[in-house]
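Trainee: Quick one: sequence and predicted model below, then my questions.
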There are 2 protein chains.
Amino acid sequence: MGRTTSLKLIAEMAGVSTTTVHDALYGRGRVNAATQARVRAIAKELNYRPNTVARALRLKRSGMLGVVTGNLFTPLFQRMLPQIEKIAHERGYHVFYASSNSDGKREREVIELLRGSGMEGLLLFSIAPRDNLDHHTAILRELPMVLIEQPSAAMRSFDFVGTDNVAGAFAATSALLTAGCRHIAFYLPLVVHSEDWWVRDRLEGCAKAAKAAGRSLAVLASPTADPEVMQRYSALPLTAYLSAGHPLDGLVAANDELAFQAIDELRSKGLRIPGDVAAVGCDDMDASRTFSPPLSSMRQPMERIAEVAMQLLIRRVAGDQSPPEQHLFPPELIVRPSSTTPSPADSPSRGRRKPEMVRSK
Amino acid sequence: MGRTTSLKLIAEMAGVSTTTVHDALYGRGRVNAATQARVRAIAKELNYRPNTVARALRLKRSGMLGVVTGNLFTPLFQRMLPQIEKIAHERGYHVFYASSNSDGKREREVIELLRGSGMEGLLLFSIAPRDNLDHHTAILRELPMVLIEQPSAAMRSFDFVGTDNVAGAFAATSALLTAGCRHIAFYLPLVVHSEDWWVRDRLEGCAKAAKAAGRSLAVLASPTADPEVMQRYSALPLTAYLSAGHPLDGLVAANDELAFQAIDELRSKGLRIPGDVAAVGCDDMDASRTFSPPLSSMRQPMERIAEVAMQLLIRRVAGDQSPPEQHLFPPELIVRPSSTTPSPADSPSRGRRKPEMVRSK
DNA sequence: TACATAAGACGAAACGTTTCGGCCTGCTTC
DNA sequence: GAAGCAGGCCGAAACGTTTCGTCTTATGTA
């Protein structure tokens, strides 16, 4: 409808130059008090708001940070939100979120838009960053960017902050061993993509702990798992494994969802959880608390991750050019009934369990 | 570091004008095929990306929509996300989200930033819009905006899409009455702000249904509720009400959280739910499914709301100037065990319950 | 009187993109 | 051989803000 209220419009109405209007509104140069008052009155009257686009174009500073995530409603991301907002707010930044819907192409588009929208820095919570490695590298030349939860090995040239899945799985397995488990298995997903570094990391931690205790580790999966998975990890179907008479008293699942599934399978074989088998999951989903039995799980310190990532990002935005940093934080073992010490028959050393931390509720 | 790659830079390298570069890249004017190829090669080489800020400044068209919400992780908002993303994607828009942390001042700031960032339209999911009514009205003159879940009465000058809480409460209460309840109460929150229009709407629907059936409606609250609340609604503490010997066989709570609380209080008085009292909540929280007993609840059709709101917003963005529209959708009654017909002693007509819709899981 | 100083205001350029209109050149057409 | 046309390219302005340097005028000082 009417002309948008710009500095120019105000200048015309006040009979001064845009420079003077600008100075008057922002108290920059030397402006006569009367002039300033007049200009401000007109600005208020016209409900003037600065055009951030123009400002960003000129200034290359917008006070805005962008967060790109594959999925806005994934629980892990949810847990980061309060910290992200809090730190941004403290430092005077506003945060804008965009979802890539876990689509590499869309992720690139969204990043381009954010970059072009005057964002000063990007937090990238992408599940499959390798698809876009070249793109990200190119972006990084122009825009600070911190990655969240990435596979460390491939990402040495980026800042990233994430969970130490190896250490987490190691701790979970060690806890089971300490509690008296002697025959431990790792439970795989149905399918494993090349991007599922977390599966490998968790398996690795598990295997390390078993080895350190002089125990072997079985790698199991659902009977419905992709044959390729079975082959790649030399895994066996859980039910077949038990039918063959192999003992099993401890299980670490690649995530909570899988733990639920594994527990179902164990039960179908007549095993009690807890009692016969102690089970631990990963990710500490909400449902794990209310599962029957409540499921022990490795919980990623997303709050801490968000905090460190934001601080790092803001440092970068402020101009810090030091080499890329990788921060890995160990997850926390949440002990619930599912991993209660196996029955005395199987485990003579019960009661000696020493969890890293216990968390109620 | 290096100069940002702009059309101008490419133009210099290619030895042509920026106009030609632009035409070459976007296939606009008439450009010699050889020139075009050369320009494109250089652009690719330099990893050129258009600057959205500049483009938006020039074009006033950015393909971006903004969503402002008080809280990004509120379940109601969560349920809207997939639809928002889906429709935006279908129509070729990208969506950016920002949180106001339920702070009126921050909400205004965020809106200003989004407005200035070239967003073409805004979806506003604000709990307390009245604080910012003037501001929103001013914004609306320059930027299409659709409100979600607002009190209809005060918002006639805005587009909005929301839940018909009156109808919902009416339906819930009617269902209880049809099922044989004869003494129904509405359960209030501990505190009621002037913005809590939903409390009033839900109470109104409840009262209407009771009246239509020739029944009176008790208004109750927790003993710990703010005295001002009790007074404003002529409410009584639930426990006191029962102690005084008043009969009660049906209860509608202002939301699920309150239903949990009310059920606790009823039980502390020795009443069984279900059995003695049939209870219904509002909002259909996740926890309501797993509550004991699983809680019946009014579920807002957030998916539909998101869909209609986005379609309306995109219509506005496209230039539709028709008068503001208000869309109210009735919630869906999810029947679970908590509202099972009261015991035969109280209700001779059991079995005649006719729920609007039953939803498993 | 001449000069320095400060207040108050402004012109113009820049950020990067898009677009309108125009300028050449070479070719076709009558 | 002149008019017309199309192909190929470009200049310049515009979006709204910020900033540098400059210009004018009034005041104070030598």
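Mentor: That came in fine, so what should we check first? Residues are numbered from 1 along each chain as shown, chains lettered A, B, ... in the order given.
Trainee: residues from the stretch 151-300 of chain A in reach of chain B?
Mentor: Contact residues (Cβ under 8 Å from any Cβ of the partner chain) of the stretch 151-300 of chain A with chain B: A:286, A:290. All C-beta atoms are positioned from the backbone trio N, CA, C, and that covers glycine.
Trainee: where along the stretch 151-300 of chain A do the helices fall?
Mentor: Listed in chain order, the helices of the stretch 151-300 of chain A (DSSP state H, counting those that start in this stretch) span A:165-178, A:197-212, A:227-232, A:238-243, A:256-268, A:286-290.
Trainee: For those helices, state which one has the densest average packing.
Mentor: helix A:165-178 (a mean of 24; mean count of other Cβ atoms under 10 Å in any protein chain shown).
Trainee: which residues touch it?
Mentor: Defining contact as Cβ atoms under 8 Å, 6 or more residues apart in numbering or on different chains, one finds that helix A:165-178 is touched by A:184, A:186, A:198, A:201-206, A:208-210, A:212-213, A:215, A:217, A:250, A:252, A:278, A:280, A:282, A:296, A:298, A:300, A:328, A:330-331, A:333, A:335, A:339, A:352-356.
Trainee: returning to that earlier point: turn the helices of the stretch 151-300 of chain A into a markdown table, including mean pLDDT and distance to DNA strand C.
Mentor: Conversion of those to a markdown table gives the following (pLDDT from 0 to 100; distance: least, Cβ to the nearest atom of the strand, whole Å):
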| stretch | mean pLDDT | distance to DNA strand C |
| --- | --- | --- |
| helix A:165-178 | 94 | 41 |
| helix A:197-212 | 93 | 36 |
| helix A:227-232 | 88 | 45 |
| helix A:238-243 | 91 | 56 |
| helix A:256-268 | 93 | 45 |
| helix A:286-290 | 88 | 45 |
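Trainee: For these, give me a markdown table that also has distance to residue A:321.
Mentor: As requested, these are exported to a markdown table (distance: least, Cβ to Cβ, whole Å):
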| stretch | distance to residue A:321 |
| --- | --- |
| helix A:165-178 | 30 |
| helix A:197-212 | 28 |
| helix A:227-232 | 41 |
| helix A:238-243 | 51 |
| helix A:256-268 | 40 |
| helix A:286-290 | 41 |
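Trainee: Which of the residues in stretch A:17-27 are classified as buried?
Mentor: A:20, A:21, A:22, A:23, A:24, A:25 (16 or more other Cβ atoms under 10 Å in any protein chain shown).
Trainee: Which member of those is positioned nearest DNA strand D?
Mentor: residue A:22 (4.2 Å; Cβ to the nearest atom of the strand).
Trainee: in which helix or strand would I find that closest one?
Mentor: Assigned by DSSP states H and E, residue A:22 belongs to helix A:18-26.
Trainee: So the lowest-mean-pLDDT helix or strand in chain A, near DNA strand C or not?
Mentor: Ranked by mean pLDDT, DSSP states H and E, the weakest helix or strand in chain A is helix A:133-140, scoring a mean of 78. No: applying Cβ under 7 Å from any atom of the strand, one finds helix A:133-140 separated from DNA strand C by no less than 14.7 Å.
Trainee: how far out from the middle of the chain is the following helix or strand past that helix?
Mentor: Once the chain leaves helix A:133-140, the next helix or strand it forms, by DSSP H and E, is strand A:145-148. Remark: strand A:145-148 is offset 10 Å from the chain centroid, using Cα atoms, centre = their mean, to the nearest Å.
Trainee: ok, now stretch A:244-257?
Mentor: 26 Å.
Trainee: buried sites along that stretch?
Mentor: Neighbour-count burial for stretch A:244-257 flags A:248, A:249, A:250, A:251, A:252, A:253, A:254, A:255, A:256, A:257 (criterion: 16+ other Cβ under 10 Å).
Trainee: Now, those residues that are in strands?
Mentor: A:250, A:251, A:252, A:253 (DSSP state E).
Trainee: Which member of these is positioned nearest residue B:38?
Mentor: Residue B:38 lies nearest to residue A:253 out of these, by Cβ to Cβ, at 56.6 Å.
Trainee: List the contacts of that closest one.
Mentor: A:186, A:187, A:259, A:261, A:262, A:279, A:280, A:281, A:282.
Trainee: just curious, which of the buried residues of stretch A:17-27 is nearest to chain B?
Mentor: Each of the buried residues of stretch A:17-27 was checked against chain B using Cβ to the nearest Cβ; the closest is residue A:25, at 14.4 Å.
Trainee: Count the residues that sit near the nearest residue in space to residue A:271 that is not next to it in sequence.
Mentor: Excluding the flanking residues, the one nearest residue A:271 by Cβ to Cβ, 6 or more residues apart in numbering or on different chains is residue A:277, at 5.4 Å. Residue A:277: 28 surrounding residues under other Cβ atoms under 10 Å in any protein chain shown.
Trainee: Strands of chain A, start to end?
Mentor: Using DSSP E, strands in chain A cover A:64-69, A:94-99, A:121-125, A:145-148, A:159-163, A:184-187, A:217-221, A:236-237, A:250-253, A:278-282, A:296-299, A:326-329, A:332-334.
Trainee: tilt between the fifth one and helix A:133-140?
Mentor: Same thing as strand A:159-163. Angle, strand A:159-163 to helix A:133-140, by axes from the mean of the first three to the mean of the last three Cα atoms, to 10 degrees: 120 degrees.
Trainee: quick one, strand A:159-163 and helix A:197-212 angle?
Mentor: Going by the same axes, to 10 degrees, strand A:159-163 is angled at 60 degrees with respect to helix A:197-212.
Trainee: Let me see the mean pLDDT of strand A:159-163.
Mentor: Mean pLDDT, computed over strand A:159-163, is 93.
Trainee: Nearest to chain B: which residue in the stretch 201-350 of chain A?
Mentor: Per Cβ to the nearest Cβ, the residue of the stretch 201-350 of chain A with the smallest distance to chain B is residue A:290, at 5.4 Å.
Trainee: Check the stretch 101-250 of chain A too.
Mentor: In the stretch 101-250 of chain A, the residue that lies nearest chain B is residue A:116 (2.7 Å; Cβ to the nearest Cβ).
Trainee: right, and that residue touches residue B:63 too?
Mentor: No: if you go by Cβ atoms under 8 Å, residue A:116 and residue B:63 don't touch, sitting 11.0 Å apart.
Trainee: out of the strands of chain A, which comes closest to DNA strand D?
Mentor: strand A:64-69 (13.8 Å).
Trainee: Quick one: low-confidence residue ranges for the stretch 251-361 of chain A.
Mentor: Within the stretch 251-361 of chain A, the stretches with pLDDT under 70 are A:341-361.
Trainee: run the last query once more with 90
Mentor: Confidence mapping of the stretch 251-361 of chain A against pLDDT under 90 gives the ranges A:269-270, A:272-275, A:286-287, A:289-293, A:317-321, A:339-361.
Trainee: Quick check: closest non-adjacent residue to residue A:22.
Mentor: Sequence neighbours aside, residue A:7 is the residue nearest to residue A:22 in space, at 5.7 Å (criterion: Cβ to Cβ, 6+ apart).
Trainee: Burial check on that neighbour, number of neighbours?
Mentor: Quick note: residue A:7 (other Cβ under 10 Å) scores 21 neighbours.
Trainee: That one contacts residue A:20, correct?
Mentor: No: using Cβ under 8 Å, residue A:7 is not in contact with residue A:20, being 9.4 Å away.
Trainee: Relative to DNA strand C, how far out is residue A:329?
Mentor: 38 Å (Cβ to the nearest atom of the strand, to the nearest Å).
Trainee: what's the answer for residue A:58, then?
Mentor: For residue A:58, the distance to DNA strand C equals 4 Å [Cβ to the nearest atom of the strand].
Trainee: so how far is DNA strand D from that residue?
Mentor: Counting by Cβ to the nearest atom of the strand, the gap from residue A:58 to DNA strand D is 4 Å.
Trainee: Check residue A:276 too.
Mentor: Where DNA strand D is concerned, residue A:276 sits at a distance of 68 Å (Cβ to the nearest atom of the strand).
Trainee: so that residue sits right up against residue A:247, yeah?
Mentor: No: using Cβ under 8 Å, residue A:276 makes no contact with residue A:247, being 10.0 Å away.
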